[in-house]
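Q: this is the structure alone, sequence omitted:
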């Protein structure tokens, strides 16, 4: 009876689907275990073999926990709003919903083929109205909340209004906008409704504000910092500029300290925690105010080194700072405006990363030192960011390397005075940036003090004159929450006299309307400006120029959509109660499941999704909607499966003739020939003569090269689709290459071969469609089986590490499964016997139980696969077909290779699925050795071995050894001078 993976896998996948084998219950007496993967964006390319890595690992844990008696929630869904579908809609006119639906169908087909134990009854799609209805509801809750610093939590805006009505805002301790005017209870009551709304907007956790944003003209939308790579959009590589726009923002900064402290309570890798700590960026220091000469303005500066205030030589503002235009002198206006325009074309990340370039412009304005009253020149420089701190720095070149470099670069120019030294240290070559080892000098009343005492004294002095105060600052900025695109969640917002109002919750969801065009409108409004009919909760509302018209009034609607991270910031809670039509999840479901026990996904989400999710979870906890402070107890970041790219090498040489240039594009040289030629420093004509014979075309075309040594610079590597090569021999199928639509330009190309073959180059790279190194898991499943794919991906190496894919290595795992099968079946059918297994059989099994249990608990899946192979080899050698061994072995294998395990369990005579059968328990007694095979040595040289019980004494061992015939043959009648015996280790006869 042969192992037919295709029949077995189809059979059990159908069984699982029909019987809802993996459906979790919200009412169970079993202990709960919630294991979750970061849900995928359904791209048109589908899955490649790198994508399932984390899913396989989580599936092993989910199946293992079911075997242990847990009620396991292991759901899956789709983060289905995204730019690619919208960009495709712009190009083709096809609605993003249709593209997304088709892509999801493809993903589902591929995921099912691999045999994951997902509870598909709880599937979510963030782009479905029945899902984003709740995203809109959470947005409303954020709008209707404020952050009470006294109690360190978010509260209903109603409690703030009550405080205003009783006492005004004098005693309110809130996270809010800066420079809010104080008012009394009487003042509040006298304010108009619009005035009150404007004040409340300064406190709400989501609010409208004019902010500096990353604007991508090509995509027509604002991008978050984590959506920008090397100064361009992550999606499409388009230029990004900085500009001011009125945007919805989320006051995540209110949670900065709790986000920091919460990291100490969760089991995440230190690298991810450190990424979040750095992103949050806590700093302790002081806020200092500098008056601007000849202007009714102040420059507020946050500094971690207030003790260096007497060393301030100049000040630098971010080019986007609101004071720049106000204080710049007429003489400097043109230079300043040109610099501001140039800076707008660089992203914040690019500016932060560029530590080598020094640039700036003097504004012509001067600030006043709060103590000495000396004028301080005010510059602008792109190394200062408007969103970090106050967007201004007090530059102390003697104590900061960047300020030191800036001052020296502009030394001698108008507006750059000599560097002031306030340390009793030499700064002739570099700044002194240490916080210890110095005394302050040239610092008035701080002279003789060190960092700690100087900081304390200067803060007291600043507070005394009203020029500053102690301050804790965070780099974390409020998150921009608006996107100028179509394919996203609509805001449940309309406007009355320019002030935002929430659409009543009973009308949710606000359904994304149909539009004819997915581009911004002709007057620059977002794509939703093209909509004519909006709908929500079965109510059709007439919209003219995107204004809501009821029986009496006309109200403009919000035309932006929410960002991509909105739907992913709470989705794990929706899985807990995915069919609930009224709430995002019931109180009972939330109380039962609490939070995610194991979360697996990529580390690239460290400062995006993983931070926003923690923020929303903490907010919902504050408002009584979530049961826990943190969403994910344990996080594992899976490594990347890298592709083995293939390359052909096109010969290049800079000849001027067009006809020659055209000809040279058609010549490809086999990799090994190039390496041999370069290594031997041969001429190109020598390659042809010595290695492969004369190639007349090359010689005639490249006469100018005959005296030039060959080098790799003359060859351009070109990615080759893996379908055009033999993955084992690395030989190019030249005819298939020429016929491939990607390489139509090379259909007339000539190939210089070695031994009649063209050997491609191979290189490990990120697996990507653009590199043509993608391996489709469907192909592996079809040829080798899903169980082989699952085992092989785990076998490649530790889960967290990157590892290259090599299809050639998969045959070993496929062979292992066939060996496993042969323990249960021969050509005629089952070979299972009910005999009592031998001690060696039990030993092999229990070694494996111990190892696999420990490995799964420690997420060391690769070593489990190795142990399975060892065990099967041992049992094969022991001719083990014993039920008492093979039944628990099938359960052991089940988390890793569930299809074959189900078939084996069924063949053993069991009904139903193996999925919830108890996991085998390790018993130490089977590994306790009762015998020892001793090496018997004579004068240190081992001559034979003898197996003896381990409970014998040294005297008993000596008696047995001396009586052994082999010992007598070695001694030939002699009596040894000494017999050395260490029980359990050695036997040595001396003399």
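A: Cool, got the structure. None of the values given here were measured: they were computed from a predicted structure.
Q: show the pLDDT at residue 675.
A: On pLDDT, residue 675 comes in at 81.
Q: typo on my end, residue 299
A: Reported pLDDT for residue 299: 97.
Q: report the beta-bridge partners for it.
A: Note on residue 299: beta-bridge partners by DSSP bridges are residue 290.
Q: tell me how many other residues surround it.
A: Look at residue 299: counted by other CB atoms under 10 Å, it has 25 neighbours. Where you see a C-beta, it was placed from the backbone N, CA and C, and this is true even at glycine.
Q: just residue 302 next, same as before
A: Count around residue 302 with other CB under 10 Å applied: 21.
Q: same check on residue 932?
A: For residue 932, using other CB under 10 Å, the count is 16.
Q: hang on, it in a strand?
A: Yes - with DSSP: H, G, I helix; E, B strand; the rest coil as the criterion, residue 932 is located in a strand.
Q: which residues of the stretch 851-991 of the chain fall in helices?
A: 861-877, 883-893, 898-907, 954-963, 965-971 (DSSP state H, counting those that start in this stretch).
Q: how about these, which one is nearest residue 25?
A: helix 898-907 (20.5 Å; CB to CB).
Q: which residues are in contact with that closest one?
A: 3, 5, 8-9, 11-13, 15, 63, 115, 117, 785-787, 817, 820-821, 824-825, 830, 832, 886-887, 890-891, 893-894, 913-915, 917 (CB atoms under 8 Å, 6 or more residues apart in numbering).
Q: centre of the chain to that helix, how far?
A: How far helix 898-907 lies from its chain's middle: 35 Å, per CA atoms, centre = their mean, to the nearest Å.
Q: with stretch 561-580 instead?
A: 18 Å.
Q: and the pLDDT at the spatially closest residue to residue 234 that is not a sequence neighbour?
A: In space, residue 234 comes closest to residue 227 once its chain neighbours are excluded; the distance is 5.1 Å by CB to CB, 6 or more residues apart in numbering. Per-residue confidence at residue 227 stands at 74 (pLDDT).
Q: just give the closest residue to residue 750, not the sequence neighbours.
A: residue 667 (5.4 Å).
Q: am I right that that neighbour is in contact with residue 752?
A: Yes - using CB atoms under 8 Å, residue 667 is in contact with residue 752, at 7.0 Å.
Q: circling back: dihedrals phi and psi, the residue nearest to residue 750?
A: The phi and psi values for residue 667, taken as degrees, to the nearest 10, are phi -120, psi 120.
Q: which one of the helices of the stretch 851-991 of the chain is the most hemmed in?
A: Neighbour counts (mean count of other CB atoms under 10 Å) averaged over each of the helices of the stretch 851-991 of the chain peak at helix 898-907, with a mean of 24.
Q: look up how far residue 766 lies from the spatially most central residue of the chain.
A: Geometric centre of the chain, nearest residue: residue 604, 2.4 Å, by CA atoms, centre = their mean. From residue 604 across to residue 766, the span is 12 Å (CB to CB, to the nearest Å).
Q: ok now do the closest residue to residue 143 other than its chain neighbours, which residues does it touch?
A: Closest residue in space to residue 143, ignoring its immediate chain neighbours: residue 206 at 5.0 Å, by CB to CB, 6+ apart. Contact analysis of residue 206 by CB under 8 Å, 6+ apart lists 139, 142, 143, 248, 249, 250, 251, 481.
Q: just the buried members of these?
A: Burial by neighbour count, 16 or more other CB atoms under 10 Å: within those this picks out 139, 142, 143, 248, 249, 250, 251, 481.
Q: nearest spatial neighbour of residue 54, skipping sequence neighbours?
A: residue 638 (4.0 Å).
Q: the one you found contacts residue 57, doesn't it?
A: Yes - assessed by CB under 8 Å, residue 638 is found in contact with residue 57 at 6.4 Å.
Q: follow-up on the earlier one: bridged to the residue nearest to residue 143, which residues?
A: Under the criterion used here (DSSP bridges), residue 206 is bridged to residue 250.
Q: helices along the stretch 651-800 of the chain, start to end?
A: Assigned by DSSP H, counting those that start in this stretch, the stretch 651-800 of the chain shows helices spanning 658-664, 671-679, 684-686, 696-701, 734-739, 777-783, 786-795.
Q: where among these is average confidence lowest?
A: helix 696-701 has the lowest average pLDDT among the helices of the stretch 651-800 of the chain, namely a mean of 42.
Q: please report how far residue 449 lies from residue 443.
A: In terms of CB to CB, residue 449 sits 8 Å off from residue 443.
Q: which one of these two is surrounded by more residues?
A: Neighbours around residue 449 and residue 443, counted as other CB under 10 Å, are more numerous at residue 443. The numbers are 21 against 18.
Q: residues contacting that one?
A: 309, 310, 311, 422, 449, 454.
Q: can you count the residues close to the first one?
A: Right, the one you point to is residue 309. Counted with other CB under 10 Å, residue 309 comes out at 28.
Q: residue 901 and residue 910, how far apart?
A: Using CB to CB, residue 901 is found at 11 Å from residue 910.
Q: then residue 668?
A: 58 Å.
Q: show me which of these two is the more surrounded one.
A: Comparing residue 668 with residue 910 by other CB under 10 Å, the one with more neighbours is residue 668, at 24 against 14.
Q: so that one touches residue 758, yeah?
A: Yes - with contact defined as CB under 8 Å, residue 668 reaches residue 758; the gap is 7.0 Å.
Q: so what sits against both of these two?
A: Common neighbours of residue 668 and residue 758 (CB under 8 Å, 6+ apart) are 648, 751.
Q: now do stretch 25-36: distance to the chain's middle.
A: 27 Å.
Q: now tell me what touches that stretch from outside.
A: Counting by CB under 8 Å, 6+ apart, 58, 61-62, 65, 69-75, 572, 575-577, 588-589, 592-600, 632 sit against stretch 25-36.
Q: try stretch 854-867
A: Here stretch 854-867 makes contact (CB under 8 Å, 6+ apart) with 57, 60-61, 64, 636, 791, 794-799, 813, 847-848, 851-852, 895-896.
Q: if we can go back for a sec, of the helices of the stretch 851-991 of the chain, which is nearest residue 96?
A: Of the helices of the stretch 851-991 of the chain, nearest to residue 96 by CB to CB is helix 898-907, at 35.2 Å.
Q: picking up where we left off before, could I get the helices of the stretch 851-991 of the chain as JSON lines with mean pLDDT?
A: Below are the helices of the stretch 851-991 of the chain laid out as JSON lines (pLDDT from 0 to 100):
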{"stretch": "helix 861-877", "mean pLDDT": "96"}
{"stretch": "helix 883-893", "mean pLDDT": "98"}
{"stretch": "helix 898-907", "mean pLDDT": "98"}
{"stretch": "helix 954-963", "mean pLDDT": "93"}
{"stretch": "helix 965-971", "mean pLDDT": "92"}
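Q: among the ones you listed, which is nearest residue 385?
A: Nearest to residue 385, of all those, is helix 861-877, at 42.9 Å by CB to CB.
Q: could you check the angle helix 786-795 makes with that closest one?
A: 120 degrees (axes from the mean of the first three to the mean of the last three CA atoms, to 10 degrees).
Q: wait, what's in contact with residue 806?
A: Contact partners of residue 806, counting by CB under 8 Å, 6+ apart, are residue 644.
Q: need phi/psi at it.
A: The phi/psi pair for residue 806 (degrees, to the nearest 10) reads phi -140, psi 100.
Q: show the pLDDT at it.
A: 87.
Q: so for stretch 228-238, first residue to last residue, what's the gap.
A: 9 Å (CA to CA, to the nearest Å).
Q: kindly report the same for stretch 41-48.
A: For stretch 41-48, the end-to-end distance is 13 Å (CA to CA).
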